[in-house]
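Novice: just coords:
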């Protein structure tokens, strides 16, 4: 999981919000498609939670649930907390299908979360500060509340959809690339720094599971 910088609210959503009786439930499909596209673009076309690639064909299809609009502050909070405006763009994220429809242990992201409150929030980098990755591809946090969000509420170490394995493979590919040509030698810090800057500044389509890559590079640079 990496920080997400919000872009400007789409004009189509702003215009709809100003209409009398506008509700998220009656948002036109054309507006929803524009919102999904805007969210996907600002996230580098990755799921805001698990960082899988969002399927391109589903982004512009308002009715396709392979990519859905997630409200970080739930529309119907299960803990009875005040409801956030469902049409507030600052509260929206684009997420994958989360293996929706399967049994609960096999679902991830918002499909697993439902309306449960969470602390971790890619729109607030401070909540990501203590996240770390293990060599087996699992994601964890030294913060107890965030750890619960990652491993239980969002189920981001779900083996049923190969999340840890996919992160592990992405990391191994980076490690192989970094070490190529430096067998038995120390990899120059300049090379590691350049790679870190590359991943942190990616525009357009970001690299899937990039969070584990930047974590590993920072850790190597701290040696």
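Specialist: Done, it's in. Keep in mind that what you see is a predicted model, and the values were worked out from it rather than measured.
Novice: every contact and neighbour count from this point should use C-alpha atoms.
Specialist: OK.
Novice: pretty sure residue 163 sits against residue 156.
Specialist: Yes - in this structure residue 163 lies within contact range of residue 156 using CA atoms under 8 Å: 6.8 Å.
Novice: tell me, what's touching the two both at once?
Specialist: 50, 138 (CA atoms under 8 Å, 6 or more residues apart in numbering).
Novice: do you know how far the residue nearest the centre of the chain is from residue 204?
Specialist: With distances taken as CA atoms, centre = their mean, residue 48 lies nearest the centre of the chain, 1.8 Å away. From residue 48 over to residue 204 the distance is 15 Å, taken as CA to CA, to the nearest Å.
Novice: what are the ranges of the strands in the protein?
Specialist: For the chain, the strands defined by DSSP state E occupy 67-71, 92-96, 131-133, 139-141.
Novice: can you say which of the ones you listed is packed in most?
Specialist: Of the strands of the chain, the one with the most neighbours on average (mean count of other CA atoms under 10 Å) is strand 92-96, at a mean of 26.
Novice: off-centre distance for it?
Specialist: 7 Å (CA atoms, centre = their mean, to the nearest Å).
Novice: likewise stretch 203-221?
Specialist: Remark: stretch 203-221 is offset 13 Å from the chain centroid, using CA atoms, centre = their mean.
Novice: please apply the same query to stretch 85-95.
Specialist: For stretch 85-95, the separation from the chain centroid amounts to 14 Å (computed by CA atoms, centre = their mean).
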